[in-house]
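Asks: Predicted model and sequence follow; I will ask about them next.
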Amino acid sequence: MEDLVSVLDVKKNLYATAMVLVLGAVVAHGQIFSSAQSRSTLKTDPVAFLYPENVTVPAGKPSAVELHFRVAQGLHINSHTPSDDYLIPTTFSIPDGAGARLEAASYPAGSTISLPIDPKTKLSVYTGEFAITARIVAAAGNHAVQAKLRYQACDQNECLPPKTITVPIQVTGK
Amino acid sequence: MRRNTLVLIAVLFILAIFAWAGWANWEYRQQAAAKLLAPTAKGELVPSGAGDTMAFNSPLIGKAAPPFALEDMNGKKVSLESYRGKAVLINFWATWCGPCKIETPWLVELRGKYEAQGFEVLGVDTEGDDLKKSDLAGWAKDKGEIAKFVEQEKMPYPVLVDGDSISEPYGGLDSLPTSFFVDRNGVVVAAMMGLTSESEIENNIRKALAN
């Protein structure tokens, strides 16, 4: 009788394990699916800072740091030199008192696109991944710099309000 | 029994590691693919996602349009209530919005076509900068940009400022242009988010005029 109970316990646990495995697979799949979904809509952050998170530069000397960003699929943001003066340019800045200052920023040229509904108007935009080269001057020591990127994103039919995101970079001046 | 519990915990642990490894691998591959494709990006747009419907299902449809009173370009308060008895298109737009610039001439034309039947457009500028009332320099800059846009597009209808202050009752105004079509009784009969077509806008104007 004890043997029978033991066999039943093992079966119960096997069933429970199988259920957990199935549940785990469903949850994992759901996570991937929902992530893929969120990337394809306007509800995501239009621009993400990719790298670098840490940079080491000679203290007190202007140094070039290449900062990489990605625009969400299906969206574009105006380049630093938009095709019309009513459009908001993409701009990188470092607030005062951050331990490092921005001497100059070099922006990539924008891609030229036109919207299907208005093929005559050419827009200068960034899509996919783009990089801004910032010439920064850092004092000696470690500085948690909260740089800023201001941009305004659209897709082919609608536009999102202008946004300023924080670009966190750990800058070490040596 | 105790051994089985240990086996179950071990299986769960291994499962968790597999799930994490799979997730991390998927994320890594996504990033690697994005980096690989970045230099070849030509700025082509892909179709909007399924959630980006133009005639969006606003919860305001069938309900009274939220009341508001905003200043026009001359500083005079204009209320939605004062248009009761007319069909009104409340068009939220911004000076930095390319699709709004494409849409505005359509609104000007349709306003001219249906004005005699009791139709009006209220262009509500919504810059999205949430300026404080005390930021006089910010307001002056915004009003300068708005005046320039109004002049360029020859907008004959009332243009109101500070749409940001009424964004909440109008569903947040996540993107522009966004339009609400209000009938003669002050009820929202249709709503649109994003650039559609002149004919779709006209259909909604007719719907607003019919009620």
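Replies: It's in. Numbering: from 1, shown residues only, chains lettered A, B, ... in the order given.
Asks: which helices and strands sit right next to the longest helix anywhere in chain B?
Replies: Longest helix in chain B, counting residues (DSSP state H): helix B:2-37. Applying 3 or more CB pairs under 8 Å, 6 or more residues apart in numbering or on different chains; DSSP states H and E, we find helix B:2-37 packed against helix A:2-39, strand A:129-138. Using the backbone N, CA and C atoms, a C-beta is placed for each residue, glycine as well.
Asks: rank these by pLDDT, which is bottom?
Replies: Mean pLDDT per stretch puts helix A:2-39 lowest among the helices and strands packed on helix B:2-37, at a mean of 46.
Asks: Tell me which helix or strand comes right after that helix.
Replies: Going down the chain from helix A:2-39, the next helix or strand is strand A:47-51, by DSSP states H and E.
Asks: Neighbouring strands of that next one in the sheet, and parallel or not?
Replies: Paired strands of strand A:47-51, with direction, are strand A:63-71 (antiparallel) (DSSP bridges).
Asks: tell me the mean pLDDT for the strand it pairs with?
Replies: 97.
Asks: Next, the buried residues of the following helix or strand past it.
Replies: Per DSSP H and E, the first helix or strand lying C-terminal to strand A:63-71 is strand A:76-78. With burial defined by 16 or more other CB atoms under 10 Å in any protein chain shown, the residues of strand A:76-78 counted as buried are A:76-78.
Asks: ok, and residue A:105, which helix or strand is that part of?
Replies: Assigned by DSSP H and E, residue A:105 belongs to strand A:100-106.
Asks: report the angle between the axes of that strand and strand A:63-71?
Replies: If you take axes from the mean of the first three to the mean of the last three CA atoms, to 10 degrees, strand A:100-106 sits at 70 degrees to strand A:63-71.
Asks: Need the three-state assignment for residue A:166.
Replies: Three-state call for residue A:166 (DSSP: H, G, I helix; E, B strand; the rest coil): strand.
Asks: And it, how far from residue A:133?
Replies: Plainly put, residue A:166 is 19 Å away from residue A:133 if you go by CB to CB, to the nearest Å.
Asks: if we can go back for a sec, just checking, next helix/strand downstream of the strand holding residue A:105?
Replies: Per DSSP H and E, the first helix or strand lying C-terminal to strand A:100-106 is strand A:111-115.
Asks: helices and strands of chain B: which one has the lowest mean pLDDT?
Replies: When the helices and strands of chain B are scored by mean pLDDT, DSSP states H and E, helix B:2-37 comes last with a mean of 76.
Asks: And that helix, how far out from the chain middle?
Replies: Offset of helix B:2-37 from its chain centre (CA atoms, centre = their mean, to the nearest Å): 39 Å.
Asks: and after it, which helix or strand comes next?
Replies: Heading C-terminal from helix B:2-37 (DSSP H and E), you reach strand B:69-71.
Asks: residues making contact with that next one?
Replies: For strand B:69-71, contacts defined as CB atoms under 8 Å, 6 or more residues apart in numbering or on different chains pick out B:77-81, B:124, B:160-163, B:165-166.
Asks: Report the next helix or strand after that strand in sequence order.
Replies: On the C-terminal side of strand B:69-71, the nearest following helix or strand under DSSP H and E is strand B:77-79.
Asks: That next one - contacts with which helices or strands?
Replies: Against strand B:77-79 (3+ CB pairs under 8 Å, 6+ apart) you get strand B:69-71.
Asks: Enumerate the beta-bridge partners assigned to the residue nearest in space to the middle of chain A.
Replies: For chain A, the residue nearest the mean C-alpha position is residue A:48 (1.1 Å; CA atoms, centre = their mean). Note on residue A:48: beta-bridge partners residue A:70, judged by DSSP bridges.
Asks: Tell me the buried residues in the strand or helix carrying residue A:121?
Replies: Under the criterion of DSSP H and E, residue A:121 resides in strand A:118-126. Burial within strand A:118-126, assessed by neighbour count using 16+ other CB under 10 Å, is assigned to A:123-126.
Asks: related to what we said a few turns ago, test my guess that the residue nearest to the centre of chain A contacts residue A:69.
Replies: Yes - judged on CB atoms under 8 Å, residue A:48 makes contact with residue A:69 at a distance of 6.7 Å.
Asks: which ones are touching the closest residue to residue B:117 other than its chain neighbours?
Replies: Counting by CB to CB, 6 or more residues apart in numbering or on different chains, residue B:117 lies nearest to residue B:209, which is 5.6 Å off, once chain neighbours are set aside. Residues near residue B:209 by CB under 8 Å, 6+ apart: B:87, B:114, B:117-119, B:183-184.
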